[in-house]
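# Everything below, folded, please.
(2 chains)
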Amino acid sequence: MGDTIETGAIRKVCVIGAGVMGAGIAAQVANSGTPVLLLDIVPDGATDRDAVAKGAVAKLLKTDPAPFMSKRAAKLVETGNIEDHLDRVGECDWIIEAVVERLDVKQALYTRLEELKRPGTAVSSNTSTIPLGKLVEGRGDQFRRDFLITHFFNPPRYMRLIEIVRGEATDPALAQRVEDFADRFLGKRIVPAKDTPGFIANRIGTYWLAVAINAAMDQGLTIEEADQIGGRPMGVPKTGIFGLIDLVGVDLMPLLSKSLSSTLPQGDPYFDTLRPMPLVDRMIADGYTGRKGKGGFYTFDKATRTKRALDLSNGQYRDTIKPASLPRAADKDLAALVSAPGKVGAYAWEILGKVLPYAAMLVGEAADDVVAIDDAMKLGYNWKFGPFELIDKLGAGALAKRLADEGRPVPPILATAGDRPFYRIEGGRRQYLDASGEYRDVVRAQGVLLLEDVKRAGEPVMRNGSAALWDVGDGVATLEFTGKMNALDEDVARLIVQAIPVVKARFKALVVYNEGTNFSVGANLGLAMFAVNIAAWSEIDKLVSAGQQAFKALKYAPFPVVGAPAGMALGGGCEILLHADAIQAHAETYMGLVECGVGLVPGWGGNGEMLDRLVKSPAMPKGPMPAVAKAFELISTAQVSKSAAQAKEMSFLRPADGITMNRDRLLADAKQKALAMVDGYTAPEKPVFRLPGESARVGIAGAVADYRKKGIATPYDEVVSGRLANVLTGGDTDIVDPVTEDQLLVLERKAFMASVKDARTQARVEHMLDTGKPLRN
Amino acid sequence: MQVYNAPLRDMRFVLHELFADDQFDAGNSAAFAEFTPDLYDAVLEEAARMSQEVLLPLNASGDLEGCTLENGVVRTPSGFREAYRLFREGGWAALASDPQWGGQGLPETVNKLVEEMTCSTNLSFGLYPGLTHGATTALESHGSEDLKQAYMPKMVSGEWAGTMCLTESHCGTDLGLLRTRADPQEDGSYRITGSKIFISAGDHDLTDNVIHLVLARLADAPKGVKGISLFLVPKFLPNDDGSVGPRNGVQVSGIEHKMGLKASATCQMSFDDAKGWIVGEPNKGLSAMFTMMNTERVSVGIQGLGVNEIAYQSAVAYARERLQGRALTGPKRPDLPADPIIVHPDVRRMLMTMRVYAEGCRAVGQWASRALDTQKHGETPELRARATDFVALMTPVVKALFTDLASEAANICVQTYGGHGYIREHGVEQFVRDARITQIYEGTNGVQALDLVGRKLAANMGRNMRPFFHAVSNLCEDMAGEGDKALAAQTAALQQAFGALQLTTATVARRAMKDGNEAGAAATDYLRMLGLVAMGYTFLKAARIATAKVAEDDGEVDFYRAKLITASFFFDRILPQATAGFLAIKSGAGSTMALAEDAF
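This is a model prediction of the structure:
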C-alpha cells in the first residue's frame, strides 16, 4: 500500500484517548499496517491500569460495521495508559490527541508531551471545536512547529474526510508528512481548513440540521415529509435529516450546539437557530438517543416489526405515514423543488435559502475556496453534491436574486459569481471560481489519477451500451463498466472480446476499474429474471457462455490485466477479477461469489478460478480435497469479504495482490502494478485440475445433510449445494483423470442452467429483487 | 340464416381433455367437489337447449324491433321479458355465483362456456344478465356487509338487474375527467347528481329494479382518477322488507341509436339528487370498478367468441347449399346444376379461418377460465399467485384478440354469403354490427393492447408472463423431446413463432423504457402475436391428444381427425401472421409517428 511513494518517516503512531474517535482512529492506523500505541487514563482503583484502552479495543472488535479490516490489524494496536506509558511517545512519529473536549485537559496533556516527545514528532488534536491558537497557549516554539489539528469523522475507517488545520507556526514539511500519511496510509482526502469554530463540515452541518428541524416544526411537517423533501432531492443520503440525526445520535445535537455557540463569533446566523428544544431534551432524558439508544425520531417496534415515527406536534410515536409523492419535476430539478407550490417548496427553500448562503459566507472565513467546502460536505456528511454544486443547480444568479428580493444579504462570493457557475469545464478540465472571480483548475493531490478526469478530457477508445475502454496514459488502457449499477451483461462481454486486439495493438496493459459506488454486483438480476420469465433459456445460456469466453479471453490476453475493485465485487463482479493477472484492491473491497444465495452457482468461470487459487495457495494443505472443500465452503455459503485484507485471507486476493487505502489513488496504483508486469509478460498456463469426483461428493453431501438436519441449511440449499459440489469435484471424474478448465466450464454452465430453470431459484431471485433479502426456501 | 348448434363436443374437449395436465387445477378443489363431469355435461346440454330454443329465435326479431323509450321507461323487444323469466328460473343467472348469495357455485370453466352459447344465440340478451353479474362482482368484493345483505341475493338470482355507470359525454377512456358529484348525507348515504351516457341495460322492463353502480366525485376529492368513488344507486329504493319502494332520482333521458346490439338498451341516464351508498373507500372507486371491469373484459372476449361461432356455422350452412360454378378440379356434384360453393378453396379458406378462430379462442378462453377458478380456489398461495399473474396477462389478450377475430369472422361470414349476406333477410349482417361493439366497449382494443404492453409486460420484471411463457416453452421442449414425427412441423412452427414472441417481448420491454411511443406503436401487433402463440399452444396440445386418440380409434375418431386438420390449418395458414407481427414491431415507431400532425 502506497509502496511506490516515499511517505516520510511515520512508522509508528500514538493515539491518546480511547473514546469512540480515538479508538476508531487507532484501528484505522492499524488497518494501514502501521503499529499504534493507544493510551488512556488509569481508572480509579483499577487493578489493570490499562483497562480503559484495553476495553476500547475489545469494544472495537465487537463493533459493526467493523473498525478493523482484519484480525492482523487488531494485533497492531498496543494498549497502555498515560501515567505509566506516556514516555513511549518517544517511539512514535505522530501523536494524535483525541481526549475529552476540554481545553484544560488537553493543555495539561500537551505540557507533559512537550517534555516527552522527540522534536519533530508531529502532535495533532482531533478536536472538533477548539481553535488551534488556544490549544498551543503556553507551549514553546518547537511544540508549536510540531502541532496541527487533524479532524477525523466518525467512523474513522469509513468516513473519507479529514480536515487539517495548520497553525501559523506549524512546520509545513511536518504538516505535509502528516497529510501524506493520512492520504496514502489512512485513505483520507485532505481538506485544508482555517482555524475557525467547527471548521467546515460541522459548522455547516450543524447549522443545516438546526434549520431543517426548526423549519419542520414551524411549518407543521411530519418527519417523513421533511426527510422526503430534505433528503434525496437535495442529494442527501436517503436517511434524510431526521434519519441522519438518529444515526449520529440525538444527544450529539445539544453538545455540538453548546460548543459552537460558545465559540462562534457574534452575529453568526447560527445563533438565530437556537431555541429551547423540550422535545429533544426529553428524548435524550428518556434514552431515545437514536439508533444507538432506544430509537430516535424513528423507532422500530420489534413486536409488530413496524417502523414508527415521532409526531413533532405532540411528541408521541405513531406508525409511519408515507408522504404523497413529490411532483415529478421537483424530484429531479432543484430549481423546481424550491419553487414548488405548498409545503414542498416552502420547506426546501427554507433549508437551501439559508444553508447555501451560509456556506457561501464561509469562503475565506473557514476555507480558502469552494472546493474545500464542497469536499467537506460530500465526504463528511455524505452529501451527493456540495453546497456550491447545489448552487450551480439553482443558478448562482437566481439564488442571489431571490435572496435580494426577500431583503436578505447576498454573500460576497455569490455577488462575485453573478450569473456564472461555480464550476465549469474548460479544455476538458474542471475549474472552480475563486474568491477573486477567476476560474482556476481543480487540482488533485499529487499522484492521484481519476477516471472521472480522464473522461472529461477526451473520448473513449471504444464503447458500447455497457462498457467503455479509456486511455489512461503511459500505455495503459482502462476497461470501465458503464451500465446501470455497473451490471455485467452481454455488451460487457462483447466489449472485452473486441478490446483485446485493440489493447494488444495500442497499449501495454489493461486495468479493469471504475468509479461507481460498487465495482460491480454482477449480472443484472432484474433483466435475468425478465429473461427467465419469458423462458428465454437459450439467451441465458448464450449469456453464460459469452461471459465465460470473454473472461477467459481476458485471462489469456497477451498483456497484463490488473483488476482494481472498490466497494462490492460480487458474483460476476468477483469472477471477472479472479481472471485478472493481479488485483490492486481498494481497502474497502467486499468480494464474494454469492450466487448460491439466490439459488444459482457461479457461471462465469468463478469455480475453476477459485479452485486454481486455492490449489496454488501456500497456506493450503496438499492433495485435491482441501482446496475443493475450501472452495465449496466459500461459495456454498456465499461468503463476502468485509475488506480487501480479509479478501486476501479468504484467497480471493493472492499474496502478491496489492491494497490501496485511498480510493483516489486506486487507479494510479493499479496502473503502476500493471506497468511493472509488462516486461517479459507471458499469459498464464491453462491449469489442469486433479479433482476427487464422486467420492468427495458423497462426503460433501453428508455434511450438507447434517447442516440441513440442524436447520442451518434449507432443503433447497441442499439441492444447490449438490449442483455446486458436482462442479467443484469435477463431475464424473476420478482423482487420476485430469480435468481441464474447459471441462469445468461446461459443468458449471450445466449447473447454472439447471438452477436457473428451477422454480425455487426463480422464487429466490424474485424475493431478492422484491425485498433485497435472501429467501430461505 | 342464423344457424346454431352448440359445439358441445368441442366444449367437452376443452373442458375435460385439453387441460387435464394443466397447473391451474382448481377444478379438482374442494369448492367444486360435489360436481361431476357428467353434471357439467348436463348443464352444457341444458344451456344449449335454452340458447337454441329460447334465445336464438329472438335474435333477429329483437334486432329488427329494438328497444323503445316510452314515458321514461325502456321497453325491450317482444319476447325478451318471457325469455328472461325462463333464463332466471332456470338458474342461469346465478350459475357461477357464490352459494352464500344463492348462486350455484359452478366453476368459471363451465360458466364461460354457457356464456359463449348465450352470446352466440343472442348477444343483446346476454348483456342484461352479464352486467348484473359484473355489478355483483364489484359489490361482493368492495361493498359493506349491509349493502351486500340488501342487494346481493336479489341481484344474484336475477330478480334485480345491475349496471355500471362510468362514461360521461366528455369522458370515456379517461375517467379522470368525470364530473358526476356525490354529496354525503347525515345518515351515511350520499346524494348523486350528474349525467351518464352509453349505459348498457341502464333501464329495461325485465326486472322490478335496476341497481346502478355509479362513479362519482366527492366535493373534496383530488383531481384525476385518484378522486373517484363508487356508489350504489338503485332505481327504486328498497323497503326494509326487501320489496321495491319509492322511486329514486334516476331517470333515463334517452336511448342511443346504434349500429348494432339493438335489443340491448343503451341509455343516457340522469341522476338528480339520487340517493346512493358508497361501495368501498372514498376515492378508491376506480380500483373497485376495475374488479368488475377485469372479469367483464374476459366476458367480452367470450362475447366475441360467441359471435364467431354462430358466424362460422351460418356460413357453413350457406356454403353447403349455395350452388355456384364448378370446382376448379372438375365438377364435384354433376347431378346438380352447379357445385355447392364449399368446394372452392377460397371459400374453404374462409370457413377454415372462422373455424380455427372459434376453436382456438374457445381453448384459450378455457385456459383463462381455469386460471380464474384457480386464483380463487387454488390449493397453495403460490399457485393462486401464478393464476392471478396469468389472468392479469391474458385478460387484455382474451378481450381484444377474441373480439378482433370475431369481427373478422363476422365479415368473412357476410363474404361467404356474397350479396345475400349484405341484405337483411339472411340475418348475417347483424353479426357484423353486433360484433363491432365488442372491440370498443370495456376499454377499446387499443387500450387493451396498451394495458398488455405498458402494465402487464413490465410489472415485476415480467412475472405476469411466466406461467404462459413457461407453459409454451415446456410444451415445445416436451414435443421436441418426444420426437413425434407427425407433429414435428407443427412443433417447429410453434417454436418459431414463440421464439419471435420472446425476442419481440425483450425488444418491446427494452424500447419502452426509453420511449413510450415505441411501446404504443408496438402494442396492437404485440397483443396479436401473443394471442396467436397462445392459440398455437392450445392447438399443439390438442393435436397431441388427437394423435393419440386417432391411434386408439375409440369411436370418436372423426372429431379428433377434424381437430388434427383444424390444427394443421392454424399452423399452416394463420400462425405465420406472428412473423409478420415480429417484422412490423421490429421496424419501430419511426414511420408511425413521423408524419407531422398538420400533414394528415
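
# Surely A:S124 is in a strand?
Yes. A:S124 sits within a strand when classified using DSSP: H, G, I helix; E, B strand; the rest coil.

# what residues does chain A put near chain B?
Among all residues of chain A, those adjacent to chain B (criterion: Cβ under 8 Å from any Cβ of the partner chain) are A:526-527, A:529-537, A:539, A:762-763, A:766, A:769-770. To be clear about C-beta, it is placed using only N, CA and C from the backbone, and glycine gets the same treatment.

# For A:I41, list the residues it contacts.
A:I41 sits next to A:52, A:81-83 when contact means Cβ atoms under 8 Å, 6 or more residues apart in numbering or on different chains.

# what's the closest non-adjacent residue to A:I162?
Spatial nearest neighbour of A:I162, excluding adjacent residues (Cβ to Cβ, 6 or more residues apart in numbering or on different chains): A:K188 at 4.0 Å.

# typo on my end, B:P238
Closest to B:P238 by Cβ to Cβ, 6+ apart is B:G245, at 5.7 Å.

# In three-state terms, label that neighbour for me.
Here B:G245 is recorded as strand under three-state DSSP.

# That one: what's it in contact with?
Contacts of B:G245 by Cβ under 8 Å, 6+ apart are B:236-239.

# Does the residue nearest to A:R144 when sequence neighbours are not counted belong to a helix, a strand or coil?
Using Cβ to Cβ, 6+ apart and skipping residues adjacent in sequence, the residue nearest A:R144 is A:A169, 3.8 Å away. Following three-state DSSP, the label given to A:A169 is coil.

# With B:Q2 instead?
Per three-state DSSP, B:Q2 ends up coil.

# before we move on, what about B:S78?
Applying three-state DSSP: B:S78 is coil.

# wait, it sits on B:L64?
No. When contacts are counted by Cβ atoms under 8 Å, B:S78 is not listed as touching B:L64 (10.1 Å).

# Please report the distance of the residue nearest the centre of chain A from chain B.
Centroid check for chain A by Cα atoms, centre = their mean gives A:Y158 as the closest residue, at 5.7 Å. Per Cβ to the nearest Cβ, to the nearest Å, A:Y158 is found 32 Å from chain B.

# Check A:L76 too.
Distance from A:L76 to chain B, by Cβ to the nearest Cβ: 47 Å.

# any low-confidence regions in chain A?
Low-confidence segments of chain A (pLDDT under 70): A:1-8.

# For the top strand by length along chain B, list every residue counted as buried.
In chain B, assigned by DSSP state E, the strand with the most residues is strand B:266-279. Buried residues in strand B:266-279, counted by 16 or more other Cβ atoms under 10 Å in any protein chain shown: B:266-271, B:274-279.

# and if you look at stretch B:209-224?
B:209-218, B:221.

# hey, C-alpha coordinates of that stretch in CSV?
What follows is stretch B:209-224, C-alpha atoms only, in CSV (Å, rounded to 0.1, in the frame of the first residue of the first chain):
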residue,chain,number,x,y,z
ASN,B,209,-85.5,-2.9,-10.1
VAL,B,210,-82.2,-1.8,-11.6
ILE,B,211,-79.2,-1.3,-9.4
HIS,B,212,-76.7,1.2,-10.7
LEU,B,213,-73.0,1.3,-9.7
VAL,B,214,-72.0,4.8,-10.4
LEU,B,215,-68.6,6.5,-10.5
ALA,B,216,-68.8,10.0,-9.0
ARG,B,217,-66.6,12.5,-7.3
LEU,B,218,-66.8,13.7,-3.7
ALA,B,219,-66.5,17.5,-3.2
ASP,B,220,-63.1,17.4,-1.6
ALA,B,221,-61.7,14.7,-3.8
PRO,B,222,-58.3,15.0,-5.5
LYS,B,223,-58.3,15.7,-9.2
GLY,B,224,-58.0,12.9,-11.7
